[in-house]
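Colleague: Take a look and give me a structure for this.
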Amino acid sequence: MKKTTPFKAPSDFENELTEFSNKYKVLLADHSKRISDYFEMSCYNFVIRYYEKKGYKLDVQNLQGGKFKFKCSPTGLLKNFSYFKATKKGNQDVDEVVYIYHNATAQSAFDEKVFTTPDIVVSNSNTPAETKDYYSTKKTLSYIPKENLVTFCEAKHLTPFPELMLNFIGTVHELKPDCVDDNEGHLDVEHIAPSLMMSGSLGKPTKRIQISFEKRYYVNFFDNLFEDISVRLFLSKYGIKQIATLGKKSNKDPLLEDENNT
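Modeller: Below is the predicted model of the structure:
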């Protein structure tokens, strides 16, 4: 199968954003023209679709001037940007609710003064914390406290390389350490496991890293996200079942993997 380039035309991303806008009946605020930002928005849409396939009801939150406003920078207060609320009926009619943010800063699981900003963050609260103690000025940092962080994804408009994948595992250890231990018996939850989403295709060396990490840890590595085969994981019920969650490790179909990396 012919591989697509990891560098996609802006017009293709704009078409995807138009589809996103039409599907959720929202207008989009002016967004960046950087291809990396477009790719993040596209991956954000994949995560939204994942939760839809898992049976969650998605509702747009916090429109700005009547428009959905993506957060295309690590800086800025979360209350000034839009996000999604995902709701699913739970046991005893108690709803499970999470909130899906773009570029939300998250607090370390080990040190309350250490932070990083994943591209996509799922929180169990829509009330971010704030502190003026982070920057050297009195500028306010808006962040997701460690007790509210459910999961996260990184979107990289890059061809996969070993250091990128190993650095991602370091981020998982800092934010969701339970996902990088070998212990079984994790909670039976369907939230997507920490995931690295890449536009380029895995080569033989990086494919070995993916297989090793997904076998050991509760993580996902998605490559070649411009191909229909890769996107299919997020769009079909069968594909969704292959994706690692906080409750189970990845179980990707070998045939799907072979076809995706031929």
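
Colleague: contacting residues for the residue nearest to residue 176 when sequence neighbours are not counted?
Modeller: Excluding the flanking residues, the one nearest residue 176 by CB to CB, 6 or more residues apart in numbering is residue 194, at 5.5 Å. In this view, the C-beta of every residue, glycine as well, is placed from N, C-alpha and C. Residue 194 sits next to 151, 152, 153, 168, 171, 172, 175, 176, 179, 218, 219, 220 when contact means CB atoms under 8 Å, 6 or more residues apart in numbering.

Colleague: confidence score at residue 63?
Modeller: Here, the pLDDT recorded for residue 63 equals 90.

Colleague: Return the one helix or strand residue 154 maps to as CSV; C-alpha atoms alone will do.
Modeller: Per DSSP states H and E, residue 154 falls inside strand 149-156. Extracted in CSV, the C-alpha atoms of strand 149-156 (Å, rounded to 0.1, in the frame of the first residue of the first chain):
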residue,chain,number,x,y,z
LEU,A,149,-6.6,14.1,35.5
VAL,A,150,-8.2,11.1,33.8
THR,A,151,-6.0,10.6,30.8
PHE,A,152,-4.2,12.5,28.0
CYS,A,153,-2.9,12.3,24.4
GLU,A,154,0.0,13.9,22.6
ALA,A,155,-0.4,14.9,18.9
LYS,A,156,2.8,15.2,17.0
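
Colleague: List the neighbouring strands of that strand plus their orientation.
Modeller: In the sheet, strand 149-156 lines up against strand 120-123 (antiparallel), strand 195-198 (parallel) (DSSP bridges).

Colleague: tell me which residues in stretch 157-174 are buried?
Modeller: For stretch 157-174, the buried set under the neighbour-count rule, 16 or more other CB atoms under 10 Å, comprises 157, 159, 160, 161, 164, 165, 168, 169, 171, 172, 173, 174.

Colleague: wait, what's in contact with the fifth one?
Modeller: Going back to what we said before, that points to residue 164. Residue 164 neighbours (CB under 8 Å, 6+ apart): 156, 158, 196, 198.

Colleague: so the third one sits right up against residue 152, yeah?
Modeller: No - taking CB atoms under 8 Å as the definition, residue 196 is not a contact partner of residue 152, at 10.2 Å.
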